[in-house]
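> Based on what follows, work out the 3D shape:
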Amino acid sequence: MPLLDLPLSELLEYRSAASAPHDLAAFWREALAAAEASAVEPVVTRYEPDAYGALAAYNVVFSGADGDPINAWYLRPTEAGDTPLACRVTFIGYGGGRDLPAAH
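As a prediction, this is how the structure comes out:
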């Protein structure tokens, strides 16, 4: 749950005094092009199949900025098979670590 220092009504109306740098659009175009150029196919590997019972846990490695590998967990009910399901994505943030699958 995010922590906010303004009531929602004020937060919805808030506008920063900061202005975007003149080259912001170019920066993001170049950054996204570089990320796309260095991206590799994600690798999905089953993690400890016998450890989580009805929960299938997978280690996922995908490309981040400059092609750096990002590790994530992909969890789903084993009985669901290949059936599409709703999902929740959690971004832990800088240095938070992903812990073990059961922590999620």
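
> Relative to the centre of this protein, find the outermost residue for me.
Going by C-alpha atoms, centre = their mean, the residue of the chain most distant from its centre is Ala17, 29.2 Å out.

> Assumed that residue was part of a helix.
No: using DSSP: H, G, I helix; E, B strand; the rest coil, the assignment for Ala17 is coil, not a helix.

> Next one: it from Glu10, what distance?
Distance of Ala17 to Glu10, computed by C-beta to C-beta, to the nearest Å: 15 Å. From N, CA and C alone the C-beta is placed, and that goes for glycine too.

> just Arg88 next, same as before
Applying C-beta to C-beta to Arg88 and Glu10 gives a distance of 29 Å.

> And the two? Which one has more around it.
Glu10 (10 against 6; other C-beta atoms under 10 Å).

> what residues does stretch 64-77 touch?
The set of residues external to stretch 64-77 that reach it, using C-beta atoms under 8 Å, 6 or more residues apart in numbering, is 31, 34-35, 38-40, 44, 47, 54-63, 85, 98, 101, 104.

> Tell me where the model's unsure across the protein.
Applying pLDDT under 70 to the chain flags residues 1-2.

> mind running it again at 90?
Scanning the chain for pLDDT under 90 picks out 1-6, 8, 20, 35, 49-53, 55, 64-68, 70, 81-82, 87-104.

> Would you point out which residue is most central in it?
Phe91 (4.5 Å).

> In three-state terms, label that one for me.
Classification of Phe91 by three-state DSSP places it in coil.

> same question, Ala26
Ala26 is classified as helix under three-state DSSP.

> Quick check: phi and psi on the residue nearest to the centre of the chain?
Backbone torsions of Phe91, given as degrees, to the nearest 10, read phi -100, psi 120.
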